[in-house]
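> Just need the structure, nothing else, for what follows:
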Amino acid sequence: MEQDLSNYRKSYEKSELLLENAPENPIELFQKWFYEVDKFFSDDETNAMTVSTIGLDGFPKSRVVLLKRFTYEGFIFYTNYDSEKGKAIAQNPNVCLSFFWHGAERQIIIKGKAEKIAENLSDGYFESRPRGSQLGALVSHQSEVVPDRAFLEQKLSDLEKEFEGKEIPRPDYWGGYIVIPLEMEFWQGRPNRLHDRIHYKLQADYNWSINRLSP
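Here you go, the predicted model:
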């Protein structure tokens, strides 16, 4: 099967990103864009982001997860530490995050290092999750082969009975990562493919260099 997509075109005209308006710290620009998208483009799942890792097989792999918190220190998400991505991070903590908000015609790419957050922080978030999500973390040995869906549903049913009326403990193989950014690039779509690209890079003195990149 072959399909020609060369005529798929869109003109990006919703906003601009000028170097003179860029704050010194990229987290401030991230926060501004995040809340603008969340407010004005509600069809986007604003906190959905792509996490790319280098797998144990040497290949890069990307998948979408949900950002659960961001601070001046970095970006936090939660997952199974024994999953494919968890094993990849354990071997090579260099990761890339990306956000694409099509409604706002914006993209952010973040290169950084991932590390586990403190256990008490993972405990606190786990306790805040819906009970079904807590049980789901116990059911799923993420990335492992299972015989069929019935196998998972039976495990869930068994755990529902086991923990009926009881607190559900956070499994030690599940918790949070923080991605500490080293570089951040902000992309704003513009007409005629002359997109705005503002690039931040962390310096040795912990200040950020800021440059405009050619589209």
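
> what helix or strand is residue 34 on?
Taking DSSP states H and E as the definition, residue 34 sits inside helix 26-40.

> would you list every one of the strands in this structure?
48-54, 60-66, 69-70, 75-80, 94-101, 106-116, 174-188, 196-202, 208-212 (DSSP state E).

> burial measure for residue 49, as a count.
Residues within reach of residue 49, counting by other Cβ atoms under 10 Å, total 20. Glycine gets a C-beta too; all of them are placed from N, C-alpha and C.

> dump the residue contacts of it.
Shown in contact with residue 49 (Cβ atoms under 8 Å, 6 or more residues apart in numbering): 64-67, 75, 77, 97-99.

> how much space between it and residue 108?
Remark: distance between residue 49 and residue 108 (Cβ to Cβ, to the nearest Å) = 9 Å.

> And residue 141, by the same measure?
Distance, residue 141 to residue 108, using Cβ to Cβ: 32 Å.

> higher neighbour count, these two?
Legend: neighbour count by other Cβ under 10 Å for residue 141 and residue 108, higher for residue 108 (19 against 14).

> State the distance from the closest residue to that one other than its chain neighbours to residue 203.
Closest residue to residue 108 apart from its sequence neighbours, by Cβ to Cβ, 6 or more residues apart in numbering: residue 99 at 4.6 Å. Remark: distance between residue 99 and residue 203 (Cβ to Cβ) = 24 Å.

> If you count surrounding residues, which of these two has more?
More neighbours surround residue 99 than the other of residue 99 and residue 203, with 23 against 9 (other Cβ under 10 Å).
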